[in-house]
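Chemist: sharing a sequence plus its predicted fold:
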Amino acid sequence: MDIISQAKVLAASLRHSDVYRNYVQAKEKAFQLDANKQLIKRFKKAQFQIQTHMMNNEPVPSALSEEVQRMSSVIQFNRDVSDYIAAEYQINQLMNEIFRILGDAVELDLSFMDLDS
């Protein structure tokens, strides 16, 4: 079997995994309400802005940090949104592990992915 065919088999396995099913269910539930959808969008945008500042070695504006803190508090008490974010984190962790395995197979230096180092 060629590599692309194997990747398609892996993709099908992912679509049938519990991690993916949990993600889809959590997303469908969270996105039923427009307010949740907007909260998630604002939260992700703010997180991205913080990451951009950090990658550019710029100070993160306190207003932005405070906004993320406020949204985090709201999310903590919104079960549908917090479940979605947790499920999204789990699928991202799975995808990172797959990428690591593939990278190791071709001796690709992925040490930048290790947060502990």
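Modeler: Cool, got the structure. Treat the numbers as computed from the prediction; the structure is a model and nothing was measured.

Chemist: ignoring the adjacent residues along the chain, who's closest to Leu94?
Modeler: Val19 (5.3 Å; Cβ to Cβ, 6 or more residues apart in numbering). The C-beta positions use only the backbone N, C-alpha and C, and glycine is treated the same way.

Chemist: could you do Asp104 as well?
Modeler: Of all residues not flanking Asp104 in the chain, Leu110 sits nearest, at 7.7 Å (Cβ to Cβ, 6+ apart).

Chemist: and Glu97, how far from Phe31?
Modeler: 26 Å (Cβ to Cβ, to the nearest Å).

Chemist: wait, Ser13
Modeler: Distance, Ser13 to Phe31, by Cβ to Cβ: 25 Å.

Chemist: and what of Asp2?
Modeler: For Asp2, the distance to Phe31 - Cβ to Cβ - is 37 Å.

Chemist: coming back round to it: could I get the pLDDT score of the residue nearest to Asp104?
Modeler: pLDDT, Leu110: 74.

Chemist: thought it was touching Arg100?
Modeler: Yes: counting by Cβ atoms under 8 Å, Leu110 touches Arg100, with 6.0 Å between them.

Chemist: three-state assignment of Asp109?
Modeler: coil (DSSP: H, G, I helix; E, B strand; the rest coil).

Chemist: what is the neighbour count of Ala30?
Modeler: Neighbours of Ala30 under the rule other Cβ atoms under 10 Å: 22.
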